[in-house]
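>>> Show me the folded form of this:
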Amino acid sequence: MWLFSRLAALKNWGLAWSNSPFAPVVLFVNAWAEAILFPVPPDLLLIAMCLASASVGSAWLSFPWALVCTVGSVTGGMTGYFIGLKGGRPIAIRLYKEDKVHAADKLYEKYGVWAVAIAGFTPVPYCVFTVLSGVLKMRFLSFVIVSILSRAARFFLVATLIFFFGGRVADFLKDDKRFGLLTIVFIILLIGSYVLLHMYSKHHARKLKEREQAEKE
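Predicted coordinates:
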């Protein structure tokens, strides 16, 4: 199947990078960029690098890889925070549209700093909340602490699973079809989370418009 062959190429790309001396730099940059622009989630490269380490009997290297990924992501999150802080609502609206900014206002009002924690650990786009945290002037220290905890929990969970089950997982994923199916599930989760966020933002924007109309009447 064409899709599985393309995903197999992605796997081989990740494994190739995992054996490169530039692997830590590539992983760091991937994690940093994902925290601002949401291009490619670093989990795929992290998993490939951890599995490559496990396959040669160095599963313990999964933890340094997770640390690099965490530092890169949190650094990117801090960059996004200052972009939002300096650019304000205009930059946020330009990046994510006004309805999403209003939706984030509501989420922060309801969940506070936990909104960042949820985005940091789950497939919900973390990048949206890094910039908006700056726009909404969340306490920087709180933002950094929550980002570290949630991002580390996510990436070190991957490292821990591969540390204990890496050999078996590596054997399981040698089959391109199995790897393709798991990758598709992961991508669906990411897209689904983004769609849910979009639907929530639309719902909130509609409610806000109805409230404004009611106040005028």
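>>> Okay, and M138 sits in which element?
Per DSSP states H and E, M138 falls between elements, in no helix or strand.
>>> Now the element after the strand or helix carrying G134, going C-ward?
Per DSSP H and E, G134 falls inside helix 126-135. Once the chain leaves helix 126-135, the next helix or strand it forms, by DSSP H and E, is helix 140-173.
>>> Just the buried residues of that next one, please?
Using 16 or more other CB atoms under 10 Å as the test for burial, helix 140-173 gives 143-144, 146-152, 154-156, 158-159, 162-163, 166, 169-170, 173. C-beta: built from backbone N, CA, C; applies to glycine.
>>> what angle separates the helix holding G134 from helix 140-173?
Computed by axes from the mean of the first three to the mean of the last three CA atoms, to 10 degrees, the angle separating helix 126-135 from helix 140-173 equals 180 degrees.
>>> And the contacts of helix 126-135?
34-38, 73, 76-89, 91-92, 95-96, 100-101, 104, 108, 115-116, 119-120, 143, 147, 151, 197 (CB atoms under 8 Å, 6 or more residues apart in numbering).
>>> Are any of the residues you listed buried, and if so which?
Buried, going by 16+ other CB under 10 Å: 34-36, 73, 76-81, 83-85, 87, 91-92, 95-96, 100-101, 104, 108, 115-116, 119-120, 143, 147, 151, 197, out of these.
>>> Now, those residues that are in helices?
Those of these mapping onto helices are 34, 73, 76-81, 83-85, 87, 91-92, 95-96, 100-101, 104, 108, 115-116, 119-120, 143, 147, 151, 197, per DSSP state H.
>>> ok, now which ones touch the residue lying closest to S142 once chain neighbours are set aside?
Leaving aside its sequence neighbours, S142 sits nearest to V113 (CB to CB, 6 or more residues apart in numbering; 5.2 Å). Contact partners of V113, counting by CB under 8 Å, 6+ apart, are M138, S142, F143, V146.
>>> Repeat that for L136.
When contacts are counted by CB under 8 Å, 6+ apart, L136 touches G84, A104, D105, Y108.
>>> Assess the claim that the first one and A92 are in contact.
Yes: using CB atoms under 8 Å, G84 is in contact with A92, at 5.9 Å.
>>> how near is L67 to L46?
Distance, L67 to L46, using CB to CB, to the nearest Å: 11 Å.
>>> between those two, which one's more packed in?
L46 (26 against 15; other CB atoms under 10 Å).
>>> Report the separation between that one and P125.
The gap separating L46 from P125 is 17 Å, by CB to CB.
>>> Flag the shaky bits of this protein, pLDDT-wise.
1-19, 38-39, 56, 100, 166-187, 189-212, 214-217 (pLDDT under 70).
>>> One more pass at 80, please.
1-20, 37-40, 44, 48, 51-59, 92-93, 95-112, 122-125, 165-217 (pLDDT under 80).
>>> quick one: contacts for S20?
Residues in contact with S20 (CB under 8 Å, 6+ apart) are V26.
>>> Out of the contacts of V113, flag the one nearest to L61.
When the contacts of V113 are compared for distance to L61 (CB to CB), V146 wins out at 27.3 Å.
>>> right, and that closest one touches A119 too?
No: counting by CB under 8 Å, A119 is not a contact partner of V146; they are 9.7 Å apart.
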